[in-house]
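> turn this into a model:
(chains A and B)
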Amino acid sequence: MSKEALVEVKNLKTYFYTEEGVVKAVDGVDYEIYPGETLGIVGESGCGKSVTSLSIMRLVESPPGRIEAGEINFKGTDLTKLSEKEMRKIRGNDISMIFQEPMTSLNPVYTVGDQIIEAITLHKGVKRKEARRQAIEMLQKVGIPLPEQRVDEYPHQLSGGMRQRVMIAMALSCDPQLLIADEPTTALDVTIQAQILELMNSLKESYGMAIMMITHDLGVIAEVSDRVAVMYAGKVVEYTDVDTLFDDPKHPYTWGLMNSIPKLDKDVDRLEAIPGSVPSPLNFPEGCKFNTRCPLAKGKCYDVEPPLEDTDGGHMVRCWRYEHLEEIKKRGERIYEDRGVQK
Amino acid sequence: MEWKEILTRLIKNKLSLFGLIIILFFVLVAVFAPYLAPPRSPEDAYEIPRAGWQVEPQPPREGYLFGTAQGSYDIFYGMVWGTRTAFRIGVIVVGLSSLFGIIIGTLSAYYGGIIDEFFMRITDVFMSIPFLVAAMVLTTILGKGLDNVMIALVTFGWMGTARLMRSQVLEIKNEEFVQASIALGASDTRIIFKHIIANCIFPVLIQAFMRMGSMVITASALSFLGVGAPEGYADWGQMITFARDWILGGQGSALKYWYTVVIPGTAIMLFSLSWNLIGDAFRDILDPKLN
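Residues are numbered from 1 along each chain as shown, chains lettered A, B, ... in the order given. Sure thing, here's the model as predicted:
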């Protein structure tokens, strides 16, 4: 891409120093987010996707957490080097975040209007009356009916989907350039999920902001992302645009994720499933981190960690044997054993 | 929850309504004290007038509605003006000690680490000393008098609030809305005042209500033990002190001097009971599990 990146994460390492040892939650992550695009970050629980986003916001609890190395360049400034005070000006103003649980992300003792007004007055320095007018306008933009009335209601009077809309209104009230959405739809039911994603997509266009969408749901990724980073055990294992990823996954992990989802157009008797679970971050295996679960792992995979390699035209894969996977795919075979998961 | 709603529920609950009525009664007595029992001179209104120089208490009679206590002190006058003292002790002691407790508890929990360790060890030291003994010793050191009693009660009365507040803040500070607020760029002070204290204050308020009563009892106990108000000062504890030698009655009648004990005793009991009733009702109203 020729455009200049809005956010450039370079070799980010965030470690947690616990009593049992050092947890390398994020261990050398690189990616870029361009203005106006949506970057999807997908991975299992504990793969470090949330910690990556918290690192950008500098919200990693310290101690025990620490950004050990790397740069986070936001419009040319390295966020890891800013003071807490400078960071506060960026949070909510340039970079906003919405969280997973709309039920708990709003303070129960204030009206939703109060909370949006707080966000506006914090950064824009406008009078309360003007802030209230803007809050009502925001509520209208995120599709809340009767905003003049809803603005004075308390969070418990709203449904989950409504609250997530309020959260989005709050996050967008200061026109951020980057919106980090940490599993924004996980806690919502499916019909509401679709509405929220649609809303985010349309707001992205009208505001021209970039979105970093963190999720474990490949469906959400397919819906909203332009490019995708697949994370596993604190590292990016595959990084490409969304169509390539779904058409031609090159990492055995991504391949496994894709085939564990039922498809409407393909009739398979049994779904594939990746055996086991993510290894404990306290003792990651030597070599490739995926070798404990990878059916293709052989020789070198157990000794040396593969680099994130550009296979063709920007499709980055962290695997020694992706070419071998290509052959298997051509033959139409499956790589994961049948583990009796019913379709 | 809206204040209006809380108030309606307080009134609907029979027990708390009873508590409210008693407190309202005491408030009225305190406010209209100069009319109920006109002082001889406004400067020393808290000085209980004496009916004479008789040592033995005299039963209720014309002009002395509740009788006179040991040393011919007018019980009615002492009770009326003592109501003001009771409120003063309760409000000042509970207010100040709650304030200290809130500050210490919030700072400890919010910043954690060494600050938490420091404040909590101080709290432990203060808690390890028996309350009444500590208050007595401090009052004795500072000298007799109600102001010194209040200082002593505040000094040794903030720890419960501090611990309660600390546990509350520890719980609230990890809530997602606090994270969300940090993510919006709010500062520490803003988060503490706007998000944390507002969400933690109710249990502390309930505890404060409960302590209003017990603080007045403790102050009375100190007066009873002789380190509180100076002799003749209008204070309920003082009134009980007057009864100390006459509790057992005399001359074959155990109930001969009943008015010296029963009247101030009832007032103290009703006062602290009503605060407890309101505190209880508050807790029930604010407990989401009981709604």
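> just checking, B:Asn276 touches B:Met210?
Yes: contact status for B:Asn276 versus B:Met210: in contact at 5.8 Å, counting by C-beta atoms under 8 Å. All C-beta spots, glycine's among them, are computed from the backbone N, C-alpha and C.
> which of the two has more residues huddled nearby?
Under the criterion of other C-beta atoms under 10 Å in any protein chain shown, the comparison of B:Asn276 against B:Met210 puts B:Met210 first, with 21 against 18.
> same question for that one, what's its three-state structure.
Secondary structure, DSSP: H, G, I helix; E, B strand; the rest coil: B:Met210 is helix.
> correct me, but it touches B:Gly279?
Yes: B:Met210 is within contact range of B:Gly279, at 4.2 Å (criterion: C-beta under 8 Å).
> which bits of the stretch 151-291 of chain B sit near chain A?
For the stretch 151-291 of chain B, the residues in contact with chain A (C-beta under 8 Å from any C-beta of the partner chain) are B:175-177, B:179-187, B:190, B:194-195, B:198-199.
> filter those down to the buried ones.
B:175-177, B:179-186, B:190, B:194-195, B:199 (16 or more other C-beta atoms under 10 Å in any protein chain shown).
> nearest to A:Met170, of those?
Closest approach to A:Met170 among these (C-beta to C-beta): B:Leu184, at 6.8 Å.
> that closest one against A:Met170, yeah?
Yes: contact criterion C-beta under 8 Å: B:Leu184 and A:Met170 qualify, at 6.8 Å.
> stretch A:250-259: which residues count as buried?
Buried, per 16+ other C-beta under 10 Å, within stretch A:250-259: A:250-257, A:259.
> how about stretch B:86-94?
Going by neighbour count (16+ other C-beta under 10 Å), the buried part of stretch B:86-94 is B:86-90, B:92-94.
> same check, this time on stretch B:33-40
Those would be B:33, B:36-37, B:39, for stretch B:33-40 by 16+ other C-beta under 10 Å.
> can you check stretch A:113-131 too?
Those would be A:113-123, A:131, for stretch A:113-131 by 16+ other C-beta under 10 Å.
> chain B: which of these is nearest?
A:Ala119 (4.9 Å; C-beta to the nearest C-beta).
> residues in contact with B:Ala221?
By C-beta atoms under 8 Å, 6 or more residues apart in numbering or on different chains, B:Ala221 lies in contact with B:132, B:237.
> before we move on, back to that, among the buried residues of stretch B:33-40, which are in strands?
The members of those all map outside strands under DSSP state E.
> returning to what we had before: closest to B:Asn13 out of the buried ones among the residues of the stretch 151-291 of chain B next to chain A?
Closest to B:Asn13, out of all of those and judged by C-beta to C-beta, is B:Asn199, at 24.0 Å.
> assign A:Asp152 to helix, strand or coil.
Here A:Asp152 is coil, with the state taken from three-state DSSP.
> correct me, but it touches A:Ile116?
No: contact criterion C-beta under 8 Å: A:Asp152 and A:Ile116 do not qualify, at 11.5 Å.
> ok, of the buried ones among the residues of the stretch 151-291 of chain B next to chain A, which one's closest to A:Met213?
B:Ala183 (15.9 Å).
> give me the neighbour count for the closest residue to the closest one other than its chain neighbours.
When the adjacent residues along the chain are set aside, B:Ala183 lies closest to A:Met97, with 4.2 Å between them (C-beta to C-beta, 6 or more residues apart in numbering or on different chains). A:Met97: 28 surrounding residues under other C-beta under 10 Å.
> what sits in contact with each of B:Leu184 and A:Met170?
Residues touching both B:Leu184 and A:Met170 (C-beta under 8 Å, 6+ apart): A:96, A:119.
> report the secondary structure state of the residue nearest to A:Gly21 when sequence neighbours are not counted.
Spatial nearest neighbour of A:Gly21, chain neighbours left out: A:Leu282 (4.9 Å); criterion: C-beta to C-beta, 6+ apart. Under three-state DSSP, the three-state class of A:Leu282 is coil.
> outline the domain layout of chain A.
Domains of chain A are assigned by automatic domain parsing as A:1-88+A:177-343, A:102-175.
> could you dump those into JSON lines with mean pLDDT added?
Conversion of those to JSON lines gives the following (pLDDT from 0 to 100):
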{"stretch": "domain A:1-88+A:177-343", "mean pLDDT": "83"}
{"stretch": "domain A:102-175", "mean pLDDT": "87"}
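> rewinding a little: mind checking which of the buried ones among the residues of the stretch 151-291 of chain B next to chain A land in helices?
Taking DSSP state H, the ones among these that sit in helices are B:176-177, B:179-183, B:190, B:199.
> make JSON lines out of these and add pLDDT.
Shown next, in JSON lines, are these (pLDDT from 0 to 100):
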{"residue": "B:Glu176", "pLDDT": "83"}
{"residue": "B:Phe177", "pLDDT": "86"}
{"residue": "B:Gln179", "pLDDT": "84"}
{"residue": "B:Ala180", "pLDDT": "85"}
{"residue": "B:Ser181", "pLDDT": "86"}
{"residue": "B:Ile182", "pLDDT": "86"}
{"residue": "B:Ala183", "pLDDT": "85"}
{"residue": "B:Arg190", "pLDDT": "87"}
{"residue": "B:Asn199", "pLDDT": "85"}
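> pick the one among these closest to B:Trp81.
For those, the residue nearest B:Trp81 by C-beta to C-beta is B:Asn199; the value is 40.4 Å.
> pull the contacting residues for the closest one.
Residues in contact with B:Asn199 (C-beta under 8 Å, 6+ apart) are A:107-109, B:168, B:172, B:175.
> and the stretch 151-300 of chain A, which residues reach chain B?
A:167, A:170-171.
> with secondary structure and neighbour count added, can I get those in a markdown table?
Shown next, in a markdown table, are these (DSSP: H, G, I helix; E, B strand; the rest coil; neighbours: other C-beta atoms under 10 Å in any protein chain shown):
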| residue | secondary structure | neighbour count |
| --- | --- | --- |
| A:Met167 | helix | 29 |
| A:Met170 | helix | 29 |
| A:Ala171 | helix | 29 |
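> and these, which is closest to B:Ser98?
Looking across these and measuring by C-beta to C-beta, the closest to B:Ser98 is A:Met170, at 32.7 Å.
> show the contacting residues for the closest one.
So, once contact is read as C-beta under 8 Å, 6+ apart, A:Met170 ends up touching A:96, A:115-116, A:119, A:138, B:180, B:184.
> ok, so of the residues you listed, who is nearest B:Lys256?
Checking the contacts of A:Met170 against B:Lys256 with C-beta to C-beta, the nearest one is A:Gln115 at 66.9 Å.
> which strands or helices does the helix or strand that the closest one is a member of pack on?
Element membership for A:Gln115 (DSSP states H and E) is helix A:112-124. Where contact means 3 or more C-beta pairs under 8 Å, 6 or more residues apart in numbering or on different chains; DSSP states H and E, helix A:112-124 is packed against helix A:128-141, helix A:160-172.
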